[in-house]
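Asks: take this sequence and fold it.
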Amino acid sequence: MTPIVKVESPFQEWFAKRLQPGVHYEPVEYDLSNLASRSKQLMAEAHSGSDRLHRMALAAREMAVNDFHAMMQMDMMAWSLLNVKAASPWKVASPHWSASNPPPVHLRWNKVTLGRDHQWGNAMLAKVKEDIMDFHQATFGPKDE
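Replies: Presented below is the predicted three-dimensional model:
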């Protein structure tokens, strides 16, 4: 298992609040000025038999499996779009169609509201979420040895 070395960024990433330096990754300066020295330190630590880097890699994997799945990414994309819209000075026009005369399905957006409490009221939606989470866990989760 390999620990993560993450370049610090002046930009806010959607997952930044979930990651903790020293717990999920080892930070490197944005300009990479300390990349060589940090790499040497980390390799020396790995060769010394320290299990801190192994614990860090396990924590990063667990966090990724739990938080970097399709549902979370869709949630964060929607959150980002809503925040951009809220900050935008432009008016957004209502659709020019009525419920009695909608455009073809491929030309419209359908809004689906999913609760954060994971109590998905629709059994089909709950099954879709379960299938996505199972696929994600099987693909990226720890392998049985």
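Asks: tell me, how many residues neighbour residue 5?
Replies: 13 (other CB atoms under 10 Å). C-beta here means a position set from N, CA and C on the backbone, and glycine is covered the same way.
Asks: that one against residue 21, yeah?
Replies: No. Between residue 5 and residue 21 there is no contact under CB atoms under 8 Å: 10.7 Å.
Asks: tell me how many other residues crowd residue 137.
Replies: Residue 137 has 13 neighbouring residues, counting by other CB under 10 Å.
Asks: and whichever helix or strand it is part of, how far out from the chain's middle?
Replies: Taking DSSP states H and E as the criterion, residue 137 maps to helix 123-140. Averaging C-alpha positions (CA atoms, centre = their mean, to the nearest Å) puts helix 123-140 16 Å from its chain's average.
Asks: circling back: pull up the overlap in contacts between residue 5 and residue 21.
Replies: Here residue 5 and residue 21 share the contacting residues residue 27, scored by CB atoms under 8 Å, 6 or more residues apart in numbering.
Asks: restricting to C-alpha, output the least confident helix or strand in the chain by mean pLDDT in CSV.
Replies: In the chain, no helix or strand scores lower on mean pLDDT, DSSP states H and E than helix 123-140, which sits at a mean of 72. Extracted C-alpha coordinates of helix 123-140, given in CSV (Å, rounded to 0.1, in the frame of the first residue of the first chain):
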residue,chain,number,x,y,z
ALA,A,123,-37.3,1.6,-3.8
MET,A,124,-35.9,1.9,-7.3
LEU,A,125,-33.7,4.8,-6.4
ALA,A,126,-32.5,3.0,-3.3
LYS,A,127,-31.6,0.0,-5.4
VAL,A,128,-29.7,2.2,-7.9
LYS,A,129,-27.7,3.7,-5.0
GLU,A,130,-27.0,0.3,-3.6
ASP,A,131,-25.8,-1.0,-6.9
ILE,A,132,-23.5,2.0,-7.4
MET,A,133,-22.1,1.7,-3.9
ASP,A,134,-21.5,-2.1,-4.3
PHE,A,135,-19.7,-1.6,-7.6
HIS,A,136,-17.6,1.2,-6.1
GLN,A,137,-16.7,-0.9,-3.1
ALA,A,138,-15.9,-4.0,-5.2
THR,A,139,-13.8,-1.9,-7.6
PHE,A,140,-11.9,0.2,-5.2
